[in-house]
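Chemist: Just need the structure, nothing else, for what follows:
(2 chains, ligands or ions: 2)
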Amino acid sequence: MRQEIVQLKGSRYGLQLVFSPETEFKTIRADIQRKLESGSRFFRRGTVIQLVPGVLSSEEEASLRKLFNQHGVLFRVETMEKPATRRPMATLPLTPASPAKAAPAPAPAPAPAAPPAEKKAPVSETATPAVKPEPQPGTKAVAKPAPEGETMLVINRTLRSGQEIRTPGSVLICGNINAGAQVIAGGSIDIRGTCRGLVHAGAGGDTSAFIIADRLMPIQIRIADRIATLPDGAVKTPAVAARAFMKDGKITIEPMER
Amino acid sequence: MSEVIVITSGKGGVGKTTTTANLGVGLAMQGKKVALVDTDTGLRNLDLLLGLERRIVYTLVDVVQKRVGYGQALVRHKKYENLLLLPTSQVADKTAIEPEQMLELTQVMRNEFDYILVDCPAGIEQGFQTAIIGADRAIVVTMPEVAAVRDADKIIGRLQAENKDSHLVVNRIRPQMVKDGTMLDMTSINDILSIPCIGQVPDDEKVVDSANRGIPVVEWDDSVAGQAYRNIVRRICGEDVPFQTFETDGWFTRLRKKLFSHH
Ligand SMILES: Nc1ncnc2c1ncn2[C@@H]1O[C@H](COP(=O)(O)OP(=O)(O)OP(=O)(O)O)[C@@H](O)[C@H]1O
Ligand SMILES: [Mg+2]
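Modeler: Ligands and ions are numbered 1, 2, ... in the order given. I've put the predicted structure just below:
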């Protein structure tokens, strides 16, 4: 197999740009440019790409940032550390995906923030880890606020039936959420793919949280303490991306441009 | 080079054992040296589909508990002598075999066979762990219905967590129902499962007949399912075989069925 010049490594905290330190900057830039222009799914619009500080000069960093921005990809130079959550989440009974293997986990206790009308909270069978939380080089214990306000958990795969992601912050999923899978986030949820599972944004009560998906056709949508179910019957695949958010205390779904 | 392939599904009754028997015979017809391992302890029936029930002396349970070597438990196929079955016990249950014992066994058997196909029990409990542990890759069998696809999805997730590649076989396709929109079509199934598909097997009455006779349809020239299984065999051997398009009943056949359906 041919060795790629630049690669993306998914970590708990985002997509990290990696390349061999021997590679010339010219070569790196050319490879990134080729990948961006080839329209491949390597770099998707709206994705946040991170690079650890100190590997490139600031001119080189600026040059890459410009290149990425032209293609709608956000580029940040920052240490890979635990993202600072936007708001205090003290009351939020959410735990980040645990590194445990796919062993059957006890059903999570129903969230106190869950709506009282809800008798039986659907529980996941297993808490499969999202991304292996491998310690990143240069990880520091203290979290510094991310430069652009918010850091996201990035999941680079499809979530299959029985799999679950829980995060106190927001989450970007580059893949599908299949029926039987669920994502529960304290912040917002952005799905670059088809959402057929259960999605709960603002699980700690944040009514400004939203859900975006290329094809939004979930079994159920929850935002904060509200639940919306799609009408029963044959669900047609939506042609455009959609955004679900709270408006006047109701979950509203609107088509959107991506 | 030898390969251990587990045939699994999640949901029961979708055709794992049928697929294992047909692929085993099909690979043997291609001259490969093949072992079929039945891990559905307590509910075995792979031996029946191959017409070998009467020849069983020892089982997988005897082998892993070191009462006999695996060579003593292997049952040779009547027609294809390069096809051997390692049957399992009818009386023990799935806890009789630990995953590690199965891993050890497949590692040893690799030296002797081109292909080792492992027939997995339904479900996601210990039997599943035992069946998949020694496998290089998996064939996930599903049917064109929502529940079977959902369970296949769950199984694929488990297999991915164990770093095993999986390929899909969609069994019991009824072209007319797909055409009428009453059965999931391949596009929807691929869209959800998104793993490479290596087989589309039509629903075929001959499969039931063949099970009773102990001769898998892959040997039958006049069976549509048999043709589909022969294609899967060639794909497993690395050939690029296009997928068949299934004939749907013409208006005449449908009319006839309608007219005579009260019989
Ligand atoms: N393509 C087919 N056309 C018609 N009938 C089929 C087909 N494939 C399987 N069957 C029938 O479906 C039934 C179940 O098949 P099989 O025993 O292979 O499933 P299984 O997945 O091994 O079941 P279990 O989960 O109980 O082990 C059998 O009666 C079999 O004859
Ligand atoms: Mg079976």
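
Chemist: Number of residues surrounding the closest residue to chain B within chain A?
Modeler: In chain A, the residue that lies nearest chain B is A:R160 (3.4 Å; C-beta to the nearest C-beta). Placement of C-beta: from N, CA and C, glycine included. For A:R160, the tally of surrounding residues (other C-beta atoms under 10 Å in any protein chain shown) stands at 29.

Chemist: likewise B:I56?
Modeler: Counted by other C-beta under 10 Å, the residues lying close to B:I56 total 17.

Chemist: correct me, but it touches B:Q72?
Modeler: No - between B:I56 and B:Q72 there is no contact under C-beta atoms under 8 Å: 11.5 Å.

Chemist: who touches the closest residue in space to B:G13 that isn't next to it in sequence in this structure?
Modeler: Closest residue to B:G13 apart from its sequence neighbours, by C-beta to C-beta, 6 or more residues apart in numbering or on different chains: B:A122 at 7.2 Å. B:A122 makes contacts with B:9-13, B:16, as judged by C-beta atoms under 8 Å, 6 or more residues apart in numbering or on different chains.

Chemist: which one of the residues you listed is nearest chain A?
Modeler: B:G10 (8.9 Å).

Chemist: count of neighbours near the closest one?
Modeler: B:G10: 28 surrounding residues under other C-beta under 10 Å.

Chemist: returning to what we had before: sitting in helices, which of the contacts of B:A122 do you find?
Modeler: Among the contacts of B:A122, the residues falling in helices (DSSP state H) are B:K16.

Chemist: Give me the buried subset of the contacts of B:A122.
Modeler: With burial judged by 16 or more other C-beta atoms under 10 Å in any protein chain shown, the buried subset of the contacts of B:A122 is B:9-11, B:16.

Chemist: Where is pLDDT lowest across those residues?
Modeler: Scanning the buried ones among the contacts of B:A122 for pLDDT, the smallest score is found at B:G10, 88.

Chemist: Which residue is the nearest non-sequential neighbour of that residue?
Modeler: B:D151 (3.1 Å).

Chemist: Show me which residues of the helix or strand where B:R150 lies are buried.
Modeler: Assigning secondary structure by DSSP states H and E places B:R150 in helix B:146-161. For helix B:146-161, burial by neighbour count (16+ other C-beta under 10 Å) applies to B:148-160.

Chemist: Pull the number of nearby residues for A:K66.
Modeler: Applying other C-beta under 10 Å, we find 10 residues neighbouring A:K66.

Chemist: Tell me which residue of chain B lies closest to ligand 2.
Modeler: Using C-beta to the ion, the closest approach of chain B to ligand 2 is made by B:T17 at 3.3 Å.

Chemist: same question, chain A
Modeler: Per C-beta to the ion, A:S161 is where chain A lies closest to ligand 2, at 21.2 Å.

Chemist: Isn't that residue up against A:Q182?
Modeler: No - if you go by C-beta under 8 Å, A:S161 and A:Q182 don't touch, sitting 9.8 Å apart.

Chemist: show me where pLDDT drops low in the stretch 51-200 of chain A?
Modeler: A:79-151 (pLDDT under 70).

Chemist: And the closest residue in space to B:T95 that isn't next to it in sequence, what's its pLDDT?
Modeler: Nearest non-adjacent residue to B:T95, counting by C-beta to C-beta, 6+ apart: B:Q126, 6.3 Å away. For B:Q126, the model assigns a pLDDT of 86.

Chemist: now the one 4 residues further on
Modeler: On pLDDT, B:T130 comes in at 95.

Chemist: any chance you could map the helices in chain B?
Modeler: Using DSSP H, helices in chain B cover B:16-29, B:46-49, B:60-64, B:70-73, B:99-109, B:126-132, B:146-161, B:175-180, B:186-193, B:205-213, B:224-236, B:251-260.

Chemist: sorry, back to before: ok but the residue of chain A closest to ligand 2 is inside a helix, no?
Modeler: No - counting by DSSP: H, G, I helix; E, B strand; the rest coil, A:S161 is located in no helix; its state is coil.

Chemist: That one: what's it in contact with?
Modeler: The contact partners of A:S161, taken as C-beta under 8 Å, 6+ apart, are A:178-181, B:150-151, B:153-154, B:157.

Chemist: give me that answer again for 10 Å
Modeler: Counting by C-beta atoms under 10 Å, 6 or more residues apart in numbering or on different chains, A:S161 touches A:124-125, A:178-182, A:196-197, B:10, B:149-157, B:192.

Chemist: hang on, the earlier thing: I'd like the buried residues of helix B:146-161 laid out as CSV, including distance to ligand 2.
Modeler: Output for the buried residues of helix B:146-161, formatted as CSV (distance: C-beta to the ion, whole Å):
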residue, distance to ligand 2
B:A148, 14
B:V149, 19
B:R150, 19
B:D151, 14
B:A152, 15
B:D153, 20
B:K154, 18
B:I155, 14
B:I156, 19
B:G157, 21
B:R158, 18
B:L159, 18
B:Q160, 23
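
Chemist: For the residue of chain A closest to chain B, give me phi and psi.
Modeler: phi -100, psi 170 (degrees, to the nearest 10).
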